[in-house]
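Q: task: produce atomic coordinates for the following.
(one chain, ligands or ions: 2)
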Amino acid sequence: MTAAVQQSSVRRADAQRPRFAHPAEAEFAAFLDFYRIAWEYEPRSFPLRWQDGRIVEQFTPDFYLPEQDLYVELTTMKQSLVTRKHRKVRRLRELYPHVNIVLLYRKDYHEILSRFGYGSVDITSLRPDQIERVLLSPAEIQRRVAELGQQISTDYAGESLVLVGVLKGITFFLADLARAITRPLAIDYLQLSRDLREGVAIRKDLDLDIRGKHVLLVEDIVNTGLTLDFIMRVLREREPASLEVCALLDKAERRLVSVPVKYVGFTIPNEFVVGYGLDYRELYRNLPFICVLKREVYEANGNGHLIGGTGQEAAAEAAEPSLVATRVEVGSG
Ligand SMILES: O=P(O)(O)OC[C@H]1O[C@H](OP(=O)(O)OP(=O)(O)O)[C@H](O)[C@@H]1O
Ligand code: HPA
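A: Ligands and ions are numbered 1, 2, ... in the order given. Purely as a prediction, here's the structure:
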């Protein structure tokens, strides 16, 4: 079964967009959309004062961010407004101590990202304006990894397995997936070398003997399928009890050879992506989200500003016909 999730799942179609009372609210909603943080606009009013059993004062925070169970009230630098809002927030906290609320100044928008697993956005000297678009937020990745872990745990009930990760893009996905699986498991790694003339070869082989074992091959991304096809043939010769594949990302449009990927995290459009283990010339693996970078970033790298090289590879990848603003699908085997 494959469930499709619109790329704009946390965004709203124009017709569904609320009428914002203030331009700053529309700007904040656009900021949240960019980082794929789910939001609701003014979903709840909190009574603050009563007289003769009637509500005489209430407070409706501007936004609710369900992923963090957090209300946000935006504020300006205007002192009279700030004082009034501080008073309302204080009162709300007294009356509803379990409600999380922050009063947010425009200059502090980016600070809120750390609550959503973004860490510091310029973690590798990457500025927000160098990101073309965020494809998958940390919360979306973690939710899907947890689902995959559950599904795999169910499918391997009563068994133990060997997770085989293909270095190096697998670094974070394998670490998270392994902890989401509740079956006993061993972890091993393969590393490949690629040579234009010689093709793909094993640079670092497994330490474990997988004969008679249930093997789950874990990949960060499948494009043409050529890498996976090669690895599957090598591993099958070792006669495991079973051999299945789990890939976080599937660029299905690029497939040249058919490969059986039983567990798919997300089917993504044909764009070059970085983050959460995926690199461009070894950079950006430590971004906690997955994004498409602006072309100028690759060009800067290609000129040797960051890590050297010609930058042609990713520029070529990035230049391939892409389905920008199409959708990300959540798939399962
Ligand atoms: O389906 P294919 O077209 O064969 O492409 C998929 C391969 O590309 C990526 O590796 P990459 O060369 O980026 O190495 P890395 O994991 O070390 O970053 C990925 O980890 C796969 O191994
Ligand atoms: O989109 C990608 N990003 C990073 N590394 C990759 N290796 C294959 N595809 C990709």
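Q: can you give me the strands for the stretch 101-250 of the chain?
A: 131-136, 161-166, 185-195, 199-204, 214-222, 242-250 (DSSP state E, counting those that start in this stretch).
Q: could you dump these into CSV with mean neighbour count added?
A: Glycine gets a C-beta too; all of them are placed from N, C-alpha and C. Shown next, in CSV, are the strands of the stretch 101-250 of the chain (neighbours: other C-beta atoms under 10 Å):
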stretch, mean neighbour count
strand 131-136, 21
strand 161-166, 22
strand 185-195, 14
strand 199-204, 12
strand 214-222, 23
strand 242-250, 22
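Q: between those strands, which has the poorest mean confidence score?
A: Of all those, the minimum mean pLDDT falls on strand 199-204 (a mean of 91).
Q: that one vs strand 185-195, what angle?
A: Per axes from the mean of the first three to the mean of the last three C-alpha atoms, to 10 degrees, the angle that strand 199-204 makes with strand 185-195 is 140 degrees.
Q: what strands line up against strand 199-204, and which way round?
A: Strands that pair with strand 199-204, judged by DSSP bridges, come out as strand 185-195 (antiparallel).
Q: please name the residues that touch Ala26.
A: Contact analysis of Ala26 by C-beta atoms under 8 Å, 6 or more residues apart in numbering lists Phe20.
Q: tell me the confidence at it?
A: At Ala26, pLDDT is 95.
Q: what about it, which SS state?
A: With DSSP: H, G, I helix; E, B strand; the rest coil as the basis, Ala26 sits in helix.
Q: now do it against Glu296, distance only.
A: According to C-beta to C-beta, to the nearest Å, Ala26 and Glu296 sit 27 Å apart.
Q: please list the residues of the chain that sit near ligand 2.
A: Residues of the chain lying close to ligand 2 (C-beta under 6 Å from any ligand atom) are 221, 223, 272-274, 278-279.
Q: distance to Val99 added to the strands of the stretch 101-250 of the chain, as TSV?
A: Shown next, in TSV, are the strands of the stretch 101-250 of the chain (distance: least, C-beta to C-beta, whole Å):
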stretch	distance to Val99
strand 131-136	28
strand 161-166	41
strand 185-195	40
strand 199-204	52
strand 214-222	39
strand 242-250	35
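Q: quick one: these as a markdown table, columns for distance to ligand 1 too.
A: A markdown table is the format used below for the strands of the stretch 101-250 of the chain (distance: least, C-beta to the nearest ligand atom, whole Å):
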| stretch | distance to ligand 1 |
| --- | --- |
| strand 131-136 | 16 |
| strand 161-166 | 5 |
| strand 185-195 | 6 |
| strand 199-204 | 8 |
| strand 214-222 | 5 |
| strand 242-250 | 9 |
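Q: interface residues of this protein facing ligand 1?
A: Residues of the chain lying near ligand 1 by C-beta under 6 Å from any ligand atom: 166-169, 219-228, 279.
Q: helices of the chain, start to end?
A: According to DSSP state H, the chain carries its helices in the segments 23-34, 79-95, 138-155, 171-180, 226-236, 295-302, 312-319.
Q: so for the most far-flung residue of the chain relative to its centre, what's the pLDDT?
A: For the chain, the residue at maximal distance from the C-alpha centroid (C-alpha atoms, centre = their mean) is Asp52, at 50.5 Å. Asp52 is assigned a pLDDT of 94 by the prediction.
Q: also Glu320?
A: If you check Glu320, the pLDDT there is 45.
Q: repeat for the one 4 residues further on
A: Per-residue confidence at Val324 stands at 31 (pLDDT).
Q: ok, Glu40 next?
A: pLDDT at Glu40 comes out at 97.
Q: ok, now how distant is it from Tyr71?
A: For Glu40, the distance to Tyr71 (C-beta to C-beta) stands at 10 Å.
Q: ok, the residue farthest from the centre of the chain to Leu92 distance?
A: Counting by C-beta to C-beta, the gap between Asp52 and Leu92 amounts to 22 Å.
Q: do Val200 as well
A: From Val200 over to Leu92 the distance is 60 Å, taken as C-beta to C-beta.
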